[in-house]
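Student: Generate a structure from the sequence data that follows.
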Amino acid sequence: MRAVLGSEKKRWLGNLDDATQVLVDIAPQLALTYPGIRLPARMARQYGSSFNANPSLGSTAIEYAVAVRLVWLSNLPLARRLELVTALSGTIKEILYARPSRRAFRFVSNLAEVNHLIAEAIESVAKSDSVAGEDGD
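Tutor: Below you'll find the model as predicted:
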């Protein structure tokens, strides 16, 4: 039974790796799907990320995709990687899957949390010193 569960775990982790890779591959398409939703100028100064002074939902989707892939490729412990990927995905899902009439409101209300989670993910990876593959993984 342990062997079966071990192979299932390996398969699930492979699926997560594939999903994060596809997410980064389609990030430009995702960004073009949501180009017009931007923060009002006064809020952009408060919530703009270090990467984008006036973020749109599309640019935030790209930042999310890259952060999730970076976390997945990192040398962080599996539990921490899963925690960060789950937190990031749950927050962005609330925005992207909202009804079109509510999407802009969700974007404005959740952007600070998304930016915080992306910064936390990048900081966690930086502290782990390297990503998988750099050491011949």
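Student: what about Lys93, distance to Ser7?
Tutor: Note on Lys93: its distance to Ser7, by Cβ to Cβ, to the nearest Å, is 29 Å. For glycine as for every other residue, the C-beta is placed from the backbone atoms N, C-alpha and C.
Student: Averaged pLDDT, stretch 63-72. What do you get?
Tutor: On average, the pLDDT along stretch 63-72 is 92.
Student: what's near enough to touch Ala65?
Tutor: Ala65 is in contact with Leu23, Val24, Ile26, Ala27, Leu30, counting by Cβ atoms under 8 Å, 6 or more residues apart in numbering.
Student: any low-confidence regions in this protein?
Tutor: 35-54, 129-137 (pLDDT under 70).
Student: Please, where are all the helices along it?
Tutor: 2-33, 41-47, 57-73, 78-96, 100-127 (DSSP state H).
Student: wait, isn't Val114 in contact with Tyr64?
Tutor: Yes. Between Val114 and Tyr64 there is a contact under Cβ atoms under 8 Å: 6.7 Å.
Student: before we move on, back to that, now, of the helices of the chain, which is deepest in the fold?
Tutor: Burial of those is given as mean neighbour count (mean count of other Cβ atoms under 10 Å); helix 57-73 ranks first at a mean of 22.
Student: Can I get that helix in CSV, CA atoms only?
Tutor: Listed next in CSV are the C-alpha coordinates belonging to helix 57-73 (Å, rounded to 0.1, in the frame of the first residue of the first chain):
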residue,chain,number,x,y,z
LEU,A,57,-5.5,42.6,-13.5
GLY,A,58,-3.5,41.2,-16.4
SER,A,59,-0.1,42.3,-15.0
THR,A,60,-1.1,40.9,-11.6
ALA,A,61,-2.0,37.6,-13.3
ILE,A,62,1.5,37.4,-14.8
GLU,A,63,3.1,38.2,-11.4
TYR,A,64,1.0,35.5,-9.9
ALA,A,65,2.0,32.9,-12.5
VAL,A,66,5.7,33.7,-12.2
ALA,A,67,5.6,33.6,-8.4
VAL,A,68,3.8,30.3,-8.3
ARG,A,69,6.3,28.7,-10.7
LEU,A,70,9.2,30.2,-8.8
VAL,A,71,7.9,28.7,-5.6
TRP,A,72,7.4,25.4,-7.1
LEU,A,73,10.9,25.3,-8.5
